[in-house]
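**Q** What shape does this take:
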Amino acid sequence: MQQVYITVDRNWRGLGNIPQSGLMLASEFADWNAELKSNVQAVNTQEPVACRSGDVLQG
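**A** Presented below is the predicted three-dimensional model:
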């Protein structure tokens, strides 16, 4: 895992951004990175006010 992935900041539904909580393919594996190959732009979504997923995840 440590050879293939690096940790990155990630946004989590209902929790917001958590530093170093996500994984991304290391640069050595860029040929297999669909995010780079497909030129995917950052997805910014707005949580509905009624969404309670953050409360559920936090117990």
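**Q** I6 and M24 touch, don't they?
**A** Yes: contact criterion Cβ atoms under 8 Å: I6 and M24 qualify, at 5.6 Å. All C-beta atoms are positioned from the backbone trio N, CA, C, and that covers glycine.
**Q** what's the next secondary structure element after the strand ranked longest in the chain?
**A** In the chain, with assignment by DSSP state E, the single longest strand is strand 16-25. Toward the C-terminus, strand 16-25 is succeeded by helix 34-37 as the next helix or strand (DSSP states H and E).
**Q** any idea how far the next helix or strand after that next one is from the chain center?
**A** Following helix 34-37 in sequence order, the next helix or strand is helix 53-58 (DSSP H and E). Computed by Cα atoms, centre = their mean, to the nearest Å, the chain-centroid distance of helix 53-58 equals 17 Å.
**Q** where's Q20 relative to A26, distance?
**A** Using Cβ to Cβ, to the nearest Å, Q20 is found at 15 Å from A26.
**Q** More neighbours: the two, which one.
**A** A26 (13 against 10; other Cβ atoms under 10 Å).
**Q** Helix or strand for the nearest residue to the more buried one once chain neighbours are set aside, just tell me which one.
**A** Closest residue in space to A26, ignoring its immediate chain neighbours: I6 at 5.2 Å, by Cβ to Cβ, 6 or more residues apart in numbering. Following DSSP H and E, one finds I6 within strand 5-12.
**Q** quick one, that strand and strand 16-25 angle?
**A** Angle of strand 5-12 versus strand 16-25, following axes from the mean of the first three to the mean of the last three Cα atoms, to 10 degrees, is 150 degrees.
**Q** which other helices and strands contact strand 5-12?
**A** Applying 3 or more Cβ pairs under 8 Å, 6 or more residues apart in numbering; DSSP states H and E, we find strand 5-12 packed against strand 16-25.
**Q** Provide the strand pairings for the strand it packs on, with the direction of each partner.
**A** strand 5-12 (antiparallel) (DSSP bridges).
**Q** give the contact list for V40.
**A** Contact analysis of V40 by Cβ atoms under 8 Å, 6 or more residues apart in numbering lists A34.
**Q** do the same with R13
**A** If you count contacts by Cβ under 8 Å, 6+ apart, R13 has them with 47, 51, 53-54.
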